[in-house]
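**Q** Sequence and predicted structure below; questions after.
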Amino acid sequence: SDREKQDQFLDKMDLERERGITIKAQTVRLRYHAQDGNVYILNLIDTPGHVDFTYEVSRSLAACEGALLVVDASQGVEAQTLANVYLAIDNNLEVFPVLNKIDLPSAEPERIIHEIEEIIGIDAHDAVLASAKEGIGTGDILEQIVKKIPPPAGDPAKPLKALLFDSWYDQYQGVIILVRIIDGTLGRGDKIQLMSSGIAHEVLKVGVFAPGMVEAQSLSAGEVGFVIAGIKEVQDARVGDTITLLNRPCAAPLPGFKEVKPMVFSGLYPIDTNQYEQLRDALAKLRLNDSSFSYEPENSVALGFGFRCGFLGLLHMEIIQERLEREFNLNLITTAPTVVYK
């Protein structure tokens, strides 16, 4: 509706809007009437670009068939461009380049196309020239998606096999999980099992983001959507887990994700010592939403009881601290960041 319209719609956090960056990957479903006369359902995932959020990207890529490599038409290929494109290639995805911000006076599309071919080694002669701000090239991008990216493989008749690639905690509905259905069908009322723990739950709701939460009767092979199954414990919904049906399980789980190693460590302590329990619960809920950071209890003579946390980088550390303070109303002291030397 007009009331809900806003810029950067998929950047849900205030932090993302303020800084002009994507922190959390977001999914959205789109019905597209292509020029060939057919209607295609596109399941899109908007991922961060910054190297500190590489884990968000790697999880999303595991749920996709293809990727758009968005390159700034004035700045060209950056270090994070290389990191993310190699992740996509390692996942055997179809990758095609899009040059964004071509409306800028400093845009040099010809030079950037040559740079993509030279540095990354992928064909960029037919890269789409676009400007998200001006709405230029959007139709061309959608046409290229339909032509170049293969439809998802998968059999709706096989036993359910779904990849859990993101999750977050909702105080009213418990844990909400994002899944990509590899095989089979998942519907309301089904009894599901999380394969790493063997814990069973009954599905209360399934649906898609189009772009808000829209309930559906079921999700089948190739689709991406959310599942609410009354999961109360945050540790029960591990990112990378395989979901299957309790009475008709799949033969083997999916490979899941590699554990990430934190690079930067810092201590987080509540200013008010009475907030220690609140901080512990907040860290558990936040780790469900961002499993790339780790934490363990520690105490200090000066600061009392707190947690030693590991992050992927300094920006990641800053974002986690701000999210804890904003989303959980905590007042925190952060110790100076350190790195581990071998």
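**A** Yep, it's here. Here the structure is a predicted model, which means the values were calculated and not measured. Numbering: from 1, shown residues only.
**Q** you'd agree Ile243 is up against Ala229?
**A** No. Contact between Ile243 and Ala229 fails when scored by CB atoms under 8 Å: they sit 9.0 Å apart. C-beta coordinates here come from the backbone N, C-alpha and C atoms, glycine included.
**Q** Compute the distance between Gly154 and Ala221, please.
**A** 3 Å (CB to CB, to the nearest Å).
**Q** Name the residues contacting each of these two.
**A** Contact criterion CB atoms under 8 Å, 6 or more residues apart in numbering; residues shared by Gly154 and Ala221: Ile181, Ile182, Asp183.
**Q** top of those by neighbour count?
**A** In terms of neighbours by other CB atoms under 10 Å, the shared contacts of Gly154 and Ala221 top out with Ile181 at 26 neighbours.
**Q** Pull up the gap between that one and Ser220, please.
**A** 6 Å.
**Q** Then Ile192?
**A** 15 Å.
**Q** and Asp90, how many residues sit next to it?
**A** 10.
**Q** can you pull the pLDDT of it?
**A** According to the prediction, Asp90 has pLDDT 85.
**Q** Let me see the backbone angles for it.
**A** Note on Asp90: backbone dihedrals following degrees, to the nearest 10 are phi -60, psi -30.
**Q** what ranges do the helices span in the chain?
**A** Ranges of helices in the chain, per DSSP state H, are 14-19, 54-61, 79-90, 109-115, 138-148, 276-289, 314-327.
**Q** pLDDT on the second one, on average?
**A** Model confidence over helix 54-61, given as mean pLDDT, is 75.
**Q** next one: it to chain centre, how far?
**A** The chain centre lies 6 Å from the centre of helix 54-61; the measure is CA atoms, centre = their mean, to the nearest Å.
**Q** what packs against it?
**A** helix 79-90, strand 161-170 (3 or more CB pairs under 8 Å, 6 or more residues apart in numbering; DSSP states H and E).
**Q** got a list of contacts for the longest one?
**A** Counting by CB under 8 Å, 6+ apart, the neighbours of helix 79-90 from elsewhere in the structure are 47, 49-51, 54, 57-58, 61, 67, 69, 71, 95, 119-120, 122.
**Q** so how far is Asp281 from Ile319?
**A** For Ile319, the distance to Asp281 - CB to CB - is 19 Å.
**Q** And Asp123, by the same measure?
**A** 50 Å.
**Q** Looking at Ile243 and Ala229 now, which is surrounded by more residues?
**A** Neighbours per residue (other CB under 10 Å) separate Ile243 from Ala229, with Ile243 holding more: 28 against 25.
**Q** That one - nearest residue in space that isn't next to it in sequence?
**A** Excluding its sequence neighbours, the residue lying closest to Ile243 (CB to CB, 6 or more residues apart in numbering) is Ala162, at 4.3 Å.
**Q** burial of that neighbour, as a residue count?
**A** So Ala162, with other CB under 10 Å, has 29 neighbours.
**Q** between Gly154 and Ala221, which one's more packed in?
**A** Ala221 (21 against 16).
**Q** Now do the contacts for that one.
**A** Pro152, Gly154, Asp155, Pro156, Lys158, Ile181, Ile182, Asp183, Gly184, Thr185.
**Q** Considering the residues you listed, which is situated nearest to Glu143?
**A** Pro152 (18.9 Å; CB to CB).
**Q** pLDDT wise, what is the closest residue to that closest one other than its chain neighbours at?
**A** Of all residues not flanking Pro152 in the chain, Gly222 sits nearest, at 3.3 Å (CB to CB, 6+ apart). Gly222 is assigned a pLDDT of 87 by the prediction.
**Q** same deal with Phe265?
**A** At Phe265, pLDDT is 92.
**Q** That one and Val339 touch, don't they?
**A** Yes. Taking CB under 8 Å as the definition, Phe265 is a contact partner of Val339 at 7.2 Å.
**Q** what about the two, which has more around it?
**A** Using other CB under 10 Å, the more surrounded residue of Phe265 and Val339 is Phe265, with 16 against 8.
**Q** In strands, which of the contacts of Ala221 appear?
**A** Ile181, Ile182, Asp183, Thr185 (DSSP state E).
**Q** so who does the first one touch?
**A** Remark: with contacts taken as CB under 8 Å, 6+ apart, Ile181 is in contact with Gly154, Leu160, Lys161, Ala162, Leu219, Ser220, Ala221, Gly222, Glu223, Val224, Gly225.
**Q** Distance-wise, check the third one relative to Asp241.
**A** Just to be clear, that refers to Lys161. 11 Å.
**Q** What of the first one?
**A** Using CB to CB, Gly154 is found at 18 Å from Asp241.
**Q** related to what we said a few turns ago, narrow the contacts of helix 79-90 to those that are buried.
**A** Neighbour-count burial (16 or more other CB atoms under 10 Å) applied to the contacts of helix 79-90 gives 47, 49-51, 54, 57-58, 61, 67, 69, 71, 95, 120.
**Q** Let me have those in CSV, extended by distance to Ile41.
**A** As requested, the buried ones among the contacts of helix 79-90 are exported to CSV (distance: CB to CB, whole Å):
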residue, distance to Ile41
Thr47, 20
Gly49, 26
His50, 30
Val51, 32
Thr54, 28
Val57, 23
Ser58, 24
Leu61, 20
Ala67, 18
Leu69, 23
Val71, 27
Val95, 21
Ile120, 30
